[in-house]
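Q: sequence? don't have it. structure:
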Ligand SMILES: Cc1cc2nc3c(=O)[nH]c(=O)nc-3n(C[C@H](O)[C@H](O)[C@H](O)COP(=O)(O)OP(=O)(O)OC[C@H]3O[C@@H](n4cnc5c(N)ncnc54)[C@H](O)[C@@H]3O)c2cc1C
Ligand code: SF4
């Protein structure tokens, strides 16, 4: 049986109290929201904090607000709440769909938006017990000096495994971060960095407070596809999110995000020349799928064949595009 390590547990009631906790114990705190990823990771000794700071009591983080700027989602909203939010289903359907495909109903009832965004990266050589990792000599991400996926590499290439993040990036969402100096906002794409040791821009004394889906991104066609061994529970081994403008007769613009391959989701580049002014036809989809295949290089960071995951990139992109343009104006 895997046990929890010893730590002090605090449950602040306000955001200011959380920030004071983080500032008073720099680098010694692990924040926990729903705990669905943090608790197993604590049991595997992947995190060894002195203090665990629960965010569950901070009511200010559990809010939904809509205004002229867009739809603001508090970091503590559960994934189940996201799947049921009418504004999300109507205006940003790929986000609601991605949330509905995370894990299982029980995990979606506990798991939060902030936790999904800040989910630790995953790797065959990392998501193991201490005993297993010790036998291998550990790795760069925790306790070791070498990466087993890219042995000459200087950074970790563990897989970004959040389902909701690629969909948020497709719609151009922004992340609000609170810290000792106040609040700052970054685009969801820039929130992530390409090193899987700590794959986002958060400082140890900062947390995510909310995510904003911009009003200008409303009214797009959206889709989300996820490749996983079983139809429930499993993390993605490849995922594709799409946000598109236009009719089936004439596509105007397209954003495609491919994820679960590297430490950061990849917003594909140079797609508009392939689609703008063209019909949403199989020929157009094939051009986008080919571009996606060229831009994505899976690594052996999860326990599934990298060539097969690569071969599935154009397949999943095509399926997501078909979903996005399946109905509506011809
Ligand atoms: C069996 C199983 C299957 C799973 N399958 C999937 C899946 O298919 N897809 C998927 O996306 N996820 C999956 N997960 C992971 C997880 O359940 C979800 O990602 C969930 O949304 C995490 O939210 P949480 O609130 O439980 O996060 P927690 O476990 O509480 O936290 C996760 C990380 O985020 C940090 N964090 C939490 N909130 C904040 C915040 N506001 N600001 C800064 N940092 C924060 C924590 O410090 C921690 O590092 C699975 C988990 C399990 C156990
Ligand atoms: S990618 Fe390399 S450094 Fe990162 S968790 Fe895997 S083995 Fe460790």
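A: It's in. Every value quoted in this text rests on a predicted model; they were computed, and no experiment measured them. Ligands and ions are numbered 1, 2, ... in the order given.

Q: what helix or strand is residue 106 on?
A: Assigned by DSSP states H and E, residue 106 falls within helix 105-110.

Q: is that helix positioned near ligand 1?
A: Yes - Helix 105-110 comes into contact with ligand 1 (C-beta under 6 Å from any ligand atom), by way of 107, 110. All C-beta atoms are positioned from the backbone trio N, CA, C, and that covers glycine.

Q: A helix includes residue 239, no?
A: No - Residue 239 is assigned strand when assessed by DSSP: H, G, I helix; E, B strand; the rest coil, not a helix.

Q: next SSE downstream of the helix holding residue 106?
A: helix 113-117.

Q: rounded mean pLDDT for that next one, please.
A: In this model, helix 113-117 has a mean pLDDT of 98.

Q: what's it packed up against?
A: The elements that helix 113-117 packs onto, with contact taken as 3 or more C-beta pairs under 8 Å, 6 or more residues apart in numbering; DSSP states H and E, are helix 79-84, helix 164-170, strand 207-214.

Q: save those as CSV, and put in distance to residue 181 and mean pLDDT too.
A: Below are the helices and strands packed on helix 113-117 laid out as CSV (distance: least, C-beta to C-beta, whole Å; pLDDT from 0 to 100):
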stretch, distance to residue 181, mean pLDDT
helix 79-84, 29, 98
helix 164-170, 24, 98
strand 207-214, 13, 98
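
Q: which among those is found nearest to residue 292?
A: helix 164-170 (12.6 Å; C-beta to C-beta).

Q: work out the gap between the closest one and the centre of the chain.
A: 7 Å (C-alpha atoms, centre = their mean, to the nearest Å).

Q: what residues sit buried inside that helix?
A: The neighbour-count check on helix 164-170 (16 or more other C-beta atoms under 10 Å) flags 164-170 as buried.

Q: give me the neighbour count for the residue in the stretch 201-330 of the chain positioned nearest to ligand 2.
A: Nearest residue of the stretch 201-330 of the chain to ligand 2: residue 301, at 5.1 Å (C-beta to the nearest ligand atom). Neighbourhood size, residue 301 [other C-beta atoms under 10 Å]: 29.

Q: mind giving me the packing neighbours of the lengthiest helix in the chain?
A: Longest helix of the chain, by residue count under DSSP state H: helix 306-324. Contacts defined by 3+ C-beta pairs under 8 Å, 6+ apart place helix 306-324 against strand 221-227, strand 238-246, strand 251-259, helix 282-295.

Q: comparing the ones you listed, which comes out most buried?
A: Comparing the helices and strands packed on helix 306-324 by mean neighbour count (mean count of other C-beta atoms under 10 Å), strand 238-246 comes out on top with a mean of 26.
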